[in-house]
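**Q** Below is the sequence, then the predicted model.
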Amino acid sequence: MTLAPALAKKYGKLFGTDAVDIQTANSQFETGSSIRTLISYAVGITLLIVAGFGIYNILNMMIYEKMDSIAILKASGFSGKDVNAIFITIALTIGLVGGALGLVFGFGLSVIIGQIPFNTASLPTVNTYPINNNPKFYLIGAVFSIITTYLAGYFPSRKASKIDPVDIIRGK
């Protein structure tokens, strides 16, 4: 493969014809593949960030609904770090369970898509949709889900840890 450009020139001169190496012939296909890969990463990252904002909103609303409970916990001796740990644990639980379900669902969907017939004249050796089940992609998804949910839980938990129980109890 790496010698194809030099051999194409050599054989073109030898036989007096136009010889095109495989890299030149498939350059448009390679460019299209790299652009599709970039778009896939961008869409995936965007979806994970949107999911992170959803978790952030859920935890933020949970804090407002549980103000009384947080005040009681803090009044009974729980520190801000304890309250912080509770909400980060909730966020990480959502991230771990949601990430695991997403990875299993995504793998199952990719197996189903990999069985669908795909016939095209430009790729005669490809019979089904080409699916890349590289574990690297699943690892990236798992790590990103944990990081996203940690950050989505960290900011509301900081707010919850700073709640003054006296202000909440007096407000009722």
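**A** Noted; the coordinates are in hand. Numbering: from 1, shown residues only.

**Q** C-alpha from now on. contacts and neighbour counts both.
**A** Noted.

**Q** Now for Lys9: which residues touch it?
**A** Going by C-alpha atoms under 8 Å, 6 or more residues apart in numbering, Lys9 touches Ala19.

**Q** Which pLDDT value goes with it?
**A** Each residue has a pLDDT score; the one for Lys9 is 80.

**Q** for Asn132, same thing?
**A** With respect to pLDDT, Asn132 scores 85.

**Q** Wasn't Pro130 part of a helix?
**A** No - under DSSP: H, G, I helix; E, B strand; the rest coil, Pro130 falls outside any helix and is assigned coil.

**Q** give me the number of residues near it?
**A** Neighbourhood size, Pro130 [other C-alpha atoms under 10 Å]: 13.

**Q** Who's the closest spatial neighbour of it, skipping the chain neighbours?
**A** In space, Pro130 comes closest to Gly114 once its chain neighbours are excluded; the distance is 6.4 Å by C-alpha to C-alpha, 6 or more residues apart in numbering.

**Q** in terms of contact, does that neighbour touch Asn132 like I think?
**A** No - Gly114 sits out of contact with Asn132 when judged by C-alpha atoms under 8 Å, with a separation of 9.3 Å.
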